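**Q** Need coordinates for the following:
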Amino acid sequence: MHFSIQPTLSNEKATLIPLEEADFEALYAVASDPAIWEQHPNKDRYKREVFRSFFDGALASGGAFKIIDKASGELAGSTRFYDYDAAANSILIGYTFYATRFWGTGINPSVKQLMLDYIFQFVDTVVFHVGANNIRSQMAMTRLGAVKVAEKEVAYFAEPTRHNFVYEIQKGDWR
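**A** Purely as a prediction, here's the structure:
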């Protein structure tokens with residue numbers, strides 16, 4: 001890999017800053033709301049010990065970010081690049097969550113645009129795993145222009161395997 005999957009990225013709505021161990025308490029304060037996880041495959045991430053494992057996986061990925069809302073300066077959530085595949089020239093984006101107060105504000109499409117504009121300089125395909133029951137994220141994928149290409153069982157970092165839909169965006173199809 002000849003590019004960083006953890007640069008600092010910024011646009012008019014958000015700044016993505018590489019996640020660090022020191023961010024645990026602040027990010028857990030956001031993630032401790034059970035409503036965030038209602039449609040996610042692993043619904044108990046609001047629990048401290050479960051979120052700790054999620055956070056450790058974020059750090060281990062080498063591509064995790066904290067998302068800062070530019071308008072308020074608040075920590076809005078987290079996302080990451082992960083599982084770069086040189087042979088397939090692809091990478092995944094996922095493990096994204098936001099505090100409920102940021103839902104419907106346009107921050108998610110803005111963050112995804114920022115990430116996709118950056119990563120399509122280096123890869124041809126971006127893949128997303130979305131929980132089979134996560135209707136909110138499935139709708140977000142469709143609005144983004146991603147296409148559902150498969151269904152598969154996905155083992156999240158230190159969590160049980162869950163049924164997911166696989167979405168893709170090809171570089172040539174990205175606006």
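
**Q** Within its sheet, name the partner strands of the helix or strand containing Asn164 and how each one runs.
**A** Using DSSP states H and E, Asn164 sits within strand 161-170. The partner list of strand 161-170 in its sheet, established with DSSP bridges, is strand 125-131 (antiparallel), strand 147-155 (antiparallel).

**Q** Make JSON lines from the ones you listed and add mean pLDDT and distance to Val111 to it.
**A** In short, each C-beta sits where N, CA and C put it, glycine included. Converted to JSON lines, these look like this (pLDDT from 0 to 100; distance: least, C-beta to C-beta, whole Å):
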{"stretch": "strand 125-131", "mean pLDDT": "95", "distance to Val111": "13"}
{"stretch": "strand 147-155", "mean pLDDT": "94", "distance to Val111": "20"}
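
**Q** mind listing the helices for the chain?
**A** 24-31, 48-61, 107-119, 135-144 (DSSP state H).

**Q** Just confirm Asp33 contacts Ala99, I think it does.
**A** Yes. Using C-beta atoms under 8 Å, Asp33 is in contact with Ala99, at 6.9 Å.

**Q** Tell me which of those two has more neighbours.
**A** Ala99 (20 against 14; other C-beta atoms under 10 Å).

**Q** which stretches of this protein have low pLDDT?
**A** 1 (pLDDT under 70).

**Q** what's in contact with stretch 64-71?
**A** 6, 9-10, 12-19, 23, 26-27, 58, 74-80, 82, 95, 98, 102, 105, 107, 111 (C-beta atoms under 8 Å, 6 or more residues apart in numbering).
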